[in-house]
Each structure stands twice: as structure tokens, then as C-alpha cells.
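[1] Could you work out the structure for the sequence below:
(chains A and B)
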2 protein chains.
Amino acid sequence: MKITFSFGLALLSTTLLAQSPDSAAIRRLFSETLTNGKSYEWLRQITKQVGPRLSGSTGAQKAVDWARQTMEKEGFDRVFLQEVMVPHWERGPREEAYIRTGKRKLTVPIAALGGSVATPPKGIEAGVVEVKNFKELEALGADKIKGKIVFYNRPMDPTKLNTFEAYGGAVDQRANGATFAAKLGAVGAIVRSMTTAQDDNPHTGGMRYGVGVPLIPTAAISTNGADALSRLLREDPNLTFYFKQNCQSLPDAKSYNVVGEIKGSEKPDEIIVVGGHLDSWDLAEGAHDDGAGCVQSIEVLRMMKALGIRPKRTIRAVMFMNEENGLRGGIGYADYAKKNNEKHIAAVESDNGGFTPRGFGVVGTSEQKAKVAQWKNLLAPYGLHEIGPGGGGADIGPLAQSGTVLFGFKPDSQRYFDYHHTAIDRFEAVNKRELDLGAASMAAIVYLVDQYGL
Amino acid sequence: MKITFSFGLALLSTTLLAQSPDSAAIRRLFSETLTNGKSYEWLRQITKQVGPRLSGSTGAQKAVDWARQTMEKEGFDRVFLQEVMVPHWERGPREEAYIRTGKRKLTVPIAALGGSVATPPKGIEAGVVEVKNFKELEALGADKIKGKIVFYNRPMDPTKLNTFEAYGGAVDQRANGATFAAKLGAVGAIVRSMTTAQDDNPHTGGMRYGVGVPLIPTAAISTNGADALSRLLREDPNLTFYFKQNCQSLPDAKSYNVVGEIKGSEKPDEIIVVGGHLDSWDLAEGAHDDGAGCVQSIEVLRMMKALGIRPKRTIRAVMFMNEENGLRGGIGYADYAKKNNEKHIAAVESDNGGFTPRGFGVVGTSEQKAKVAQWKNLLAPYGLHEIGPGGGGADIGPLAQSGTVLFGFKPDSQRYFDYHHTAIDRFEAVNKRELDLGAASMAAIVYLVDQYGL
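    Here you go, the predicted model:
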């Protein structure tokens, strides 16, 4: 781009549209956060000062303290904790892994999957069987799998426009790969990292063991590592793979959801939740997943206060604990709501990264969706074109059964799985404006739901 | 995000829509580039092997050779050069600058603006007058400006959703600041960098001197540097600013547009251009500006060949020279077209960065725009929601006067001015999928124009 260009006039659209009280209010929310927003500074704190915060860790407790103190400092009407018991899994010392072919050993980057058992202290070394899916695995049968390490190597489909769809099409390997392999006598399972990027970062993530099958150790391998293993297997089908991991599951630990609230002026008993999850995988700072969602949620309440918007209904920023490996916070929050007879009319979650906004997935009745669809013209000037398709969010999911309408914030998905569950999901991977725009988008939905109900 | 989520079904929309021949063709273009695309590898070459390539430099000549050879290797029907004479400005050794207040010297990062004269060899040191705009400057008058350095410090407006609009509202300071300051007797002009980011990178860019005014040296200062200067000026209005720059303008140099072509099968005389500009500022690798547009343009032709799409009309990938400081390539291309009686029905330019696609600005008659608007449903599944508002592109602009319809590719604008004209506009700042999606978006427009004309 150079000095002179012809963009000027046509781009005034957002200004020209700012006519109705609603569009003016939404305009004010966006301007407030783009000018005075605190999301980015808070994200710096939760990533750099708190850091990794897997459920049960001291990092998670620091995160609880940070969230409570941050919201208290903002002077919200009420800040409180909700106790939940959470799984406590620890990685221990970093993993080791190599491919042995002939006299050569090629070291490859792996990361134990969350929930996996350790290898024996000396590690495991065995032959490798590569498969693309469970059907292929079962066609091979126990004879060919027994005593081997199963290597799941089906990539995320790069042709899916929305990378979450590609993720959904591949993540069964990570979640259930160990179980299917163990049923046929495998001694370990190695899974290609869930990413469309080609690099050396292993992507951890949750897995679970089926009932009654042997608990075999399982890890993610980087995409470069997976490609190397696959290539070397073609050259030498008898190569062996060695890996050693040191993780363990400890007894459940006490932890908390952290909630901040602005009391409604007209219908204080009707609650609108805006939230993200406070826990993150242990490999990194958890910037996009989900520091972003936490700080955006606090920012929604901050900007309402800053602009003197007194909501009719009660607005809550909820930082859920344990989304990554248990969902105890989300389930617990819905349980508390039921026990206390709270009426949650809507819940907004940001857990798809701090990227530029695209829209919201809406989960509700067709009447409710039709009502939301009427707001499309108010949201389109902010790049929020995709209103409707998509889901809500894991943590707010349990609220749906009591009739809460769910809004899942949909930022652009292209870069998310470059960072997801890896060591590079850092503060530096988040752009300030993109983060701010997400907060303002969530505030716009909260504002509209508060104004008009559902 | 965790293992289980409810996105699945709703996200199948892009697949379900793939029914008509046009939507199937567009689907194939996206899948081809997301699977086999070469844009990213080419971008690595033009940034890492060619590097900075300001008009008249040896880098620019290397870029011409690279573009020609790359398209020849792809076996396009014809690859040719168009000679143009271009300005030749050189920065020379890096600039030096500091603020002197009392006994303290604070070094600040600056970069001479393209086209500026040098300071005397020993540099310039003078008092500073800070202004926000030309009106303020003129209200101060020659008495207060004479012998001083004028410091333009109006930031880009962060509340503009589209950052190009914010750029358009601030860039007059960079383009004309030296002229307005020199008219009142200033000895230099320092301009706040054109960015919404807060950092230490000075952003260079084009400037021009008005006729008959003294040629005073002018440079951009980083936003952190600008904030420091402004703060220190409040504390000590008598501080001085020192800067030294070593740039010079040399005689115009011979250079080239580089053109690759696939001949049309039915209407070879009707030409559709897809292009970007080959030159870049000297401070960095020119990844987003505009390596991205160049490699995307070549990729459009590559994927048509790869998919066996034989266009009805002639498709040209044009790498324009000298967009940054002269536009001689864009003007020259239109001149050649006129001289050769070529009929250009449409031109698509990518010069807003290799970011995730949002849409296209369309410049044409209202009938032509209405025809393009009919394609909206074919483009929306790919995140291309903003079809219509916006401009075309600087290089293709000169074609408009002969009735060519212009399409300016509009990627998401949030991150563009973090990198624009700075040392950090590097290969690493570009995401592969975002770059690929841009190429496919451009190919979709070329495909539709080729099918249906305008």
C-alpha cells in the first residue's frame, strides 16, 4: 500500500450506520475497548505472571487468585468462588523419544497426552504399525498389533475451511487411540499432532481409557516427527520406536470457578453469563486457549461499568476451571445454578482463540434463533457475519438443559491449531486489536440479550 | 477447546453448498491450493532469497529475475517483461536520533521517509514543536516554527474497524508533513509511525515535496519513541532533537513489470489481470507488502493449470514494479495496454496483506457491481462476506479509465499496520493457510469473471 488510495469514502459505512440507539451503543462498546481496553494487559498477566495452569497445579491456584483479585480491583458488585473437585494429572520431567533404524537414532518431539499413564521408568521400545483410522487398525487384527506401538497418522483435513471441523475429523485418534490399540494388544500409541501446521511442536490434549482395557502409554508426536516416522517406516518396516514418559494421575484436587457479577437493575434474577476457562495445558502460557476468553469476559463487565451501562439483567463473567481435562467447572456451575434456582437466560463463551471476530454460533429454539437473526445488521459492520451456525462452548454446554440460550464466539479459525495445546500458545501469538474486537463482540451480544431478552 | 464439542454438523455447510457447477469449481480451487498450494514456498523464496527490493535496487532486479523464472518453470503460455523507468532512492547507512533534555540523551528509533533528502553529514539538532495536524501548525505560524523540527504526532484512530481507514486519516502527516513544515521555516519533520501498534519499529513510507519549498529531511519515529518525545516535551519544552540520515535520490533506473499469461480458449483478446507489486520497502523482506500479492497471483494461474481449467479469456498474473514510490509499473502497464489495443475486462489486486480473506472491493458501473453482487452466495462459504465496498488497488487503478472493472482483495485488516513498511514485515509474519485462502479467493473471482464476463 502507498500514500494515495481510493478506500476512503466506502469505508465510512460503520460510521454512517451508527444511527439507532442500539447501533450507537454497540459502537460505543467497540470504541471503548479499542481505546481503553484492558484485555491485552490482563492477558500479559495471566500468561506471563500466572503461566501454565492445568487443573490441580499451583498455576491453577494462582490463576484463581489472579482472576478474583482482578475482578475485585475492577469493583464489580460481587466476586465469588465456586468450589469444584478437579482431576490432577502431572506430566513430570519432559518426555524422550527416538526412532531407531539400523544404527541410526532420530530424536523426535513428543508430548504425553493428558490422562495417559507413564511408560516404565526405562521407557518402551517396540516395532511400529502405522494406521490412518480404527477401521484399518481392526482389519490388521491382534496378530499384527500385539506387542507393537500403534502410530495414528491421519492428518487434519486441510481442505476444511473451518479448522475446527478438520479437528473434529481427526481428534478421535487422540481421544480413543490408546483404547483401540490396547484392545488388540499394543504396548503404546503415538498420535500425529492435531494441527494443519508443519513443524516440531507436539500438541498435547485430553485422552481417555475405555473401561476394562489395559492402560497403555500414549503421546502426541509433532507433524514433522510424524512425517519422518512414516517415511522411515516405508524404508524400514522393522524400525523401532522408543519413548519414555513420566506422567501420573494424582487424587482429585480442590479448585474453583471464579465469578464476577454486575447486578441487574430491573430483572436481577435473570442472569447472562459471559465466560472462558481458567485452566490451560501445562506446556505453555495458555494465551489463545483460553487466557483470551477469560480476559475478554472480564473486559465485557469492565466496559459496561466504564460506559455507565447499568444492565437490566445480572451479568456474570465466569472463569470456568477444568475445561481441558474434565469439565468439572462447567458441570459444577450448572449444578450450582440448578441448586440455587438461578435463571440463566443466555451464556456466551469464548474458547476458540483471541483472533479476529467472525460471528457467533447460537444454540437455542428456532424462535430464539430467529430473534437473534434480527440482530444481524447490527453486528455485520463489525465483521460478525456468521451468526447462527456453530455450537456454544464446552463450559456453558451443561446450562443448555435448563433452557439457557448458548452463544459460542467464533473468531477466525485459520491460526488456532498452529498454537493449540503447544508450547507456542504464548502471549506473543495474540494480536491486541483482534483480542479487543473479540471482547467488544461478546459485549455486543450481552448488550442485545440484556436489552431484549430471548 | 477439548475433546468433545458440538460444532460438527453445523459446520458441514460448505460441503452441502457444493452443488452447482460454479460452487463445485470454486470448492476445487480452494481445495487445490489448501492441499498443493505453492504460495507459501514462493513467499519463502521472495522474502528469504530475494529479500528487500525497493525500486532501482539490486534486490528489485533479483525479484524481476525470480518472478520471470518462477513463472517460466510453471510453464505458463507466455512470460514477458515490460520495461519501465523507476525512481531510485537509497537509504544509505542507518539513521541515528536522540532526544536531548538537560544532560540526558535518549536514543529513539527513526527511519528516513522514502524520497526524503539527507541531513547534513553531521546531522541536525533543533528544538521541537509538536502538532497534531496542519491546522495547528499553521495557527502557530512561522515565528514559532522557524529553525525548529516539527513533530507530527496524531495517531491512527484505533476506533476505526478497518485499519486502512485509520491509515487514510493519518497518512497526510507522512506524505506532506515536510512540505507544510518547510513552508514555515522548519529545518526537519519527524512523523509518528503509521501504526496502531505500540512498539519500537519505525515505519517508513513514501513522502513528496511540494513545488518550490525547501527540501528538509523527514523521518518516521516509532510509536514508543513518539510517546517518549511527547512526554519529555511536556516536561522540558526546550529539549532538542538530533537526527542524522544518509539517504539520496539517484537518477531513474530501468526496471520491469513481470507478466505471466494463460491464453484464453474462446476469447483470447479479453484479458483478466490478477496482480500484486514486486517492489518493497528496503527495511524488510516485504512479506505482507507485497510478496503475498505476488505469490498469490502466480498461484491463481498455477492452480488453474493444475486443475485443468482452460479459461475462455486470457488470464495474466502481473507483478507490478514501483508501487511504493512512484507507481510507474501500474501506469506503464495501462499505457502498454492502450498502445497495444488490449481489452482488459477486469483486474484483481492483492496489496493489503496475506491475511484471512474478508471480501473484495469492487470498482465499476452499478450494473457491473450488481452482476458481481449475484455471486455473493458462492463466495460467502469462504468467509468472503464483504463484496462491494472498498477500492481496487493502486497498481490496477490506471486501468479503470479504459473501463476495466477493478477488484481489490480485502483480507482482514487488523494486523496489517503492525508490519507495514517495517523491519518485521517478514516471512514469519504470514500464516500459510491465510495466504492460501487469499490465493483461492482471487482465483474464485477470476473464475467467475472468466465464466460470465462483466
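[2] what residue ranges in the stretch 201-350 of chain A score low on pLDDT?
    For the stretch 201-350 of chain A, no stretch has pLDDT under 70.
[3] Which residue does it have closest to chain B?
    As assessed by C-beta to the nearest C-beta, chain B sits closest to A:G206 within the stretch 201-350 of chain A, at 4.9 Å. For the C-beta atoms, the positions are set from N, CA and C on the backbone; glycine is no exception.
[4] Was I right to think that residue contacts A:G115?
    Yes. Assessed by C-beta atoms under 8 Å, A:G206 is found in contact with A:G115 at 6.0 Å.
[5] Give me the common contacts of these two.
    For the pair A:G206 and A:G115, residues contacting each of them under the criterion C-beta atoms under 8 Å, 6 or more residues apart in numbering or on different chains are A:N325.
[6] Dump the C-alpha coordinates for the longest helix anywhere in chain A into CSV.
    Using DSSP state H to define each element, chain A has its longest helix at helix A:432-452. Only the C-alpha atoms of helix A:432-452 are listed here, as CSV (Å, rounded to 0.1, in the frame of the first residue of the first chain):
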residue,chain,number,x,y,z
LYS,A,432,-4.1,-6.8,20.7
ARG,A,433,-6.7,-5.5,18.3
GLU,A,434,-8.0,-8.9,17.4
LEU,A,435,-8.3,-9.7,21.2
ASP,A,436,-10.1,-6.4,21.8
LEU,A,437,-12.5,-6.9,19.0
GLY,A,438,-13.5,-10.3,20.4
ALA,A,439,-14.3,-8.7,23.8
ALA,A,440,-16.4,-6.0,22.1
SER,A,441,-18.2,-8.6,20.0
MET,A,442,-19.1,-10.5,23.2
ALA,A,443,-20.2,-7.3,24.9
ALA,A,444,-22.5,-6.5,21.9
ILE,A,445,-24.3,-9.8,22.3
VAL,A,446,-24.6,-9.4,26.1
TYR,A,447,-26.0,-5.9,25.5
LEU,A,448,-28.6,-7.1,23.0
VAL,A,449,-29.7,-10.0,25.1
ASP,A,450,-29.9,-7.7,28.1
GLN,A,451,-32.0,-5.2,26.2
TYR,A,452,-34.4,-7.5,24.5
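[7] which parts of that helix are buried?
    A:432-450 (16 or more other C-beta atoms under 10 Å in any protein chain shown).
[8] do stretch A:271-289 and chain B meet at all?
    Yes. Under the criterion of C-beta under 8 Å from any C-beta of the partner chain, chain B is reached by stretch A:271-289 at A:D289.
[9] Do me a favour and get the end-to-end distance for that stretch?
    Stretch A:271-289 has an end-to-end distance of 25 Å (C-alpha to C-alpha, to the nearest Å).
[10] Tell me how far that stretch lies from the chain's centre.
    Taking C-alpha atoms, centre = their mean, to the nearest Å, one finds the center of stretch A:271-289 at 7 Å from the center of the full chain.
[11] How about stretch A:441-454?
    23 Å.
[12] Now do that stretch: everything it contacts.
    Outside stretch A:441-454, the residues touching it (C-beta under 8 Å, 6+ apart) are A:22, A:25-26, A:29-30, A:33, A:264, A:270, A:272, A:274, A:296-297, A:299-300, A:303-304, A:309, A:311-313, A:315, A:345-346, A:348, A:350, A:357, A:360, A:364, A:368, A:371-372, A:375, A:378-379, A:382, A:384, A:405, A:407, A:409.
[13] Filter those residues down to just the ones in strands.
    A:270, A:272, A:274, A:313, A:315, A:345-346, A:348, A:357, A:360, A:405, A:407, A:409 (DSSP state E).
[14] export those to a markdown table and tack on distance to B:A170 and neighbour count?
    Shown next, in a markdown table, are those (distance: C-beta to C-beta, whole Å; neighbours: other C-beta atoms under 10 Å in any protein chain shown):
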| residue | distance to B:A170 | neighbour count |
| --- | --- | --- |
| A:E270 | 44 | 20 |
| A:I272 | 38 | 28 |
| A:V274 | 33 | 30 |
| A:R313 | 40 | 24 |
| A:I315 | 36 | 28 |
| A:I345 | 43 | 20 |
| A:A346 | 39 | 28 |
| A:V348 | 34 | 30 |
| A:P357 | 24 | 26 |
| A:F360 | 32 | 27 |
| A:V405 | 41 | 25 |
| A:F407 | 35 | 32 |
| A:F409 | 30 | 32 |
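[15] Tell me which two of the residues you listed sit farthest apart.
    A:E270 and A:P357 (25.6 Å; C-beta to C-beta).
[16] and the helix or strand containing A:A181, what does it pack onto?
    Element membership for A:A181 (DSSP states H and E) is helix A:172-183. Judged by 3 or more C-beta pairs under 8 Å, 6 or more residues apart in numbering or on different chains; DSSP states H and E, the packing partners of helix A:172-183 are helix A:134-145, strand A:149-152, strand A:188-192, strand A:218-221.
[17] Please write out the alpha-carbon positions of that helix in PDB.
    Extracted in PDB, the C-alpha atoms of helix A:172-183 (Å, rounded to 0.1, in the frame of the first residue of the first chain):
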ATOM      1  CA  ASP A 172     -10.800 -39.400  17.700                       C
ATOM      2  CA  GLN A 173      -7.200 -40.700  17.200                       C
ATOM      3  CA  ARG A 174      -6.000 -38.700  20.200                       C
ATOM      4  CA  ALA A 175      -9.100 -39.300  22.400                       C
ATOM      5  CA  ASN A 176      -9.500 -43.000  21.900                       C
ATOM      6  CA  GLY A 177      -6.400 -44.200  20.000                       C
ATOM      7  CA  ALA A 178      -4.900 -45.800  23.100                       C
ATOM      8  CA  THR A 179      -8.000 -47.800  23.900                       C
ATOM      9  CA  PHE A 180      -8.500 -49.200  20.400                       C
ATOM     10  CA  ALA A 181      -4.800 -50.100  20.300                       C
ATOM     11  CA  ALA A 182      -4.700 -51.700  23.700                       C
ATOM     12  CA  LYS A 183      -7.700 -53.900  22.900                       C
END
